[in-house]
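Q: sequence first, predicted model second:
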Amino acid sequence: MKKSVKYILLASLLLAAVSAAFCFHRVFTSSNVVNNKVIVVVNPNSSFDDLMDTLCKKKVLKSESTFRTASKLLKFRNVRTGRYDISACRSNLDLVRLLRRGQHYPVKFTFNNIRTKAQFVEKVGNKFFFRSGDLEKLLDDNGFLSAYNLNDTSAVALFIPNTYEIYYDITAEDFIDFMHRQYKKFWNAERMELARNAGLSQVDVATLASIVEEENSKPSEKAVIAGLYINRLRKGMFLQSDPTVKFAIGDFSRQRILAADLKTDSPYNTYLYPGLPPGPIRIPEASTMDSVLHYRHHDYLYMCAKEDFSGYHNFTGSAAVHMQNAAKYRAALNKRKIMR
């Protein structure tokens, strides 16, 4: 072979290699993500074409064709559900790797000390793929909740405070179903039997526990307070629980309940309406529900916060003694100029 032919062959190979390297760089590693300040949302059952529509609408790519080529060569066609932060992506390769990896990974979710359904929805926030608004709608949907023997006022009884591992890409429906499985684990045969013996349903236990928890978080008094309210329920007495009035007026910061507050027309006002309110006034801890299930047997019917502001209560079965205790507490409030 003549030298000139060899040189031409070598030049051709070199040109081909440079061309291939250039094409590889342009398709895979060059900067093609021109708008990485967006979140790319891939909904369930989305196709590759749906993904391309999203990328185009959000003006993510400089070149749609090179991304399609990269995806084809990398055999990326199955699109995984998720909400993707593409801030670290620059090239087609970066983006394909991120989208291919998907978001099927466990998230630690802890909740406690939550009062309202709205606070729970806020706590869930953006921890999972589904929108918090999706969860809110389900917790207000009596038709959906009926499958769990719940309604929009009792729905929070479903949630048992704890730390859970839940996959990020779960749907709102599956999130509730997951929580229901944890609920059924809590409500084992022993607890169900204790609830029946107390004459309470599962929601009743959660509701009474929520009142007990608002009255006092001190473990030594929880079972005593639960026993007091069970005594009142059995006698057909109004519960007359101040925390339920606070829930009715929407102000948990109140240290003093006024006569006008007691007239608030709400099914949660246990001074006006007999029995338990229609649902929990907070999401009670599992330990508080166990205090209700293992309530203390005694003759107490009345309780009043101690005038030393220790957080403990004076208990009695006598209305006359209760009036004396209440007078001491009111005097202590007045002395500290606590009017509300």
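A: Great, that's in hand.
Q: output the below-cut-off pLDDT ranges for the chain.
A: 1-28 (pLDDT under 70).
Q: recalculate using a threshold of 80.
A: Applying pLDDT under 80 to the chain picks out residues 1-29, 217, 339-340.
Q: how does it divide up, domain by domain?
A: Listed domain ranges for the chain are 26-101, 106-185, 189-335 (source: automatic domain parsing).
Q: just the ones you listed: most buried one?
A: domain 189-335 (a mean of 18; mean count of other C-beta atoms under 10 Å). Using the backbone N, CA and C atoms, a C-beta is placed for each residue, glycine as well.
Q: any idea how far apart the tips of it sit?
A: This stretch, domain 189-335, spans 50 Å end to end (C-alpha to C-alpha, to the nearest Å).
Q: which parts of this structure are helices?
A: Using DSSP state H, the helices of the chain run over residues 3-24, 48-57, 64-73, 92-101, 117-124, 132-139, 142-145, 172-186, 189-198, 202-215, 219-235, 242-249, 286-293, 319-335.
Q: same list (the ones you listed) but as TSV, adding distance to S266.
A: Formatted as TSV, those follow (distance: least, C-beta to C-beta, whole Å):
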stretch	distance to S266
helix 3-24	69
helix 48-57	46
helix 64-73	57
helix 92-101	50
helix 117-124	16
helix 132-139	20
helix 142-145	19
helix 172-186	27
helix 189-198	26
helix 202-215	14
helix 219-235	18
helix 242-249	4
helix 286-293	23
helix 319-335	23
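Q: relative to V156, which of these is closest?
A: Nearest to V156 among the helices of the chain is helix 117-124 (5.4 Å), distances taken as C-beta to C-beta.
Q: show me what that closest one is packed up against.
A: strand 106-111, helix 132-139 (3 or more C-beta pairs under 8 Å, 6 or more residues apart in numbering; DSSP states H and E).
Q: redo these as CSV? Include distance to S154.
A: Putting those into CSV (distance: least, C-beta to C-beta, whole Å) gives the following:
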stretch, distance to S154
strand 106-111, 18
helix 132-139, 10
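Q: would you mind saying which of the helices of the chain lies nearest T264?
A: The closest of those to T264 is helix 242-249. By C-beta to C-beta, the value is 4.8 Å.
Q: list of residues touching the closest one?
A: Applying C-beta atoms under 8 Å, 6 or more residues apart in numbering, the set of residues contacting helix 242-249 from outside is 115, 211, 214-215, 252, 254, 257, 261-262, 264, 266, 268-271, 277, 281.
Q: tell me how far it lies from the chain's centre.
A: 23 Å (C-alpha atoms, centre = their mean, to the nearest Å).
Q: now do stretch 248-256
A: Here stretch 248-256 is found 23 Å from its chain centre; the criterion is C-alpha atoms, centre = their mean.
Q: A88: what's it in contact with?
A: Counting by C-beta under 8 Å, 6+ apart, A88 has contacts N36, D94, L98.
Q: and the gap between it and S31?
A: Distance of A88 to S31, computed by C-beta to C-beta, to the nearest Å: 13 Å.
Q: who touches both of these two?
A: Residues touching both A88 and S31 (C-beta under 8 Å, 6+ apart): none.
Q: pretty sure Y168 contacts G102?
A: No. Proximity of Y168 to G102 does not meet the contact threshold set by C-beta atoms under 8 Å, at 9.3 Å.
Q: what residues are shared contacts of the two?
A: Common neighbours of Y168 and G102 (C-beta under 8 Å, 6+ apart) are G82.
Q: show me what contacts the closest residue to F130 other than its chain neighbours?
A: Using C-beta to C-beta, 6 or more residues apart in numbering and skipping the chain neighbours, the partner closest in space to F130 is A172 (4.2 Å). A172 is in contact with F130, R131, D134, L135, K137, L138, counting by C-beta under 8 Å, 6+ apart.
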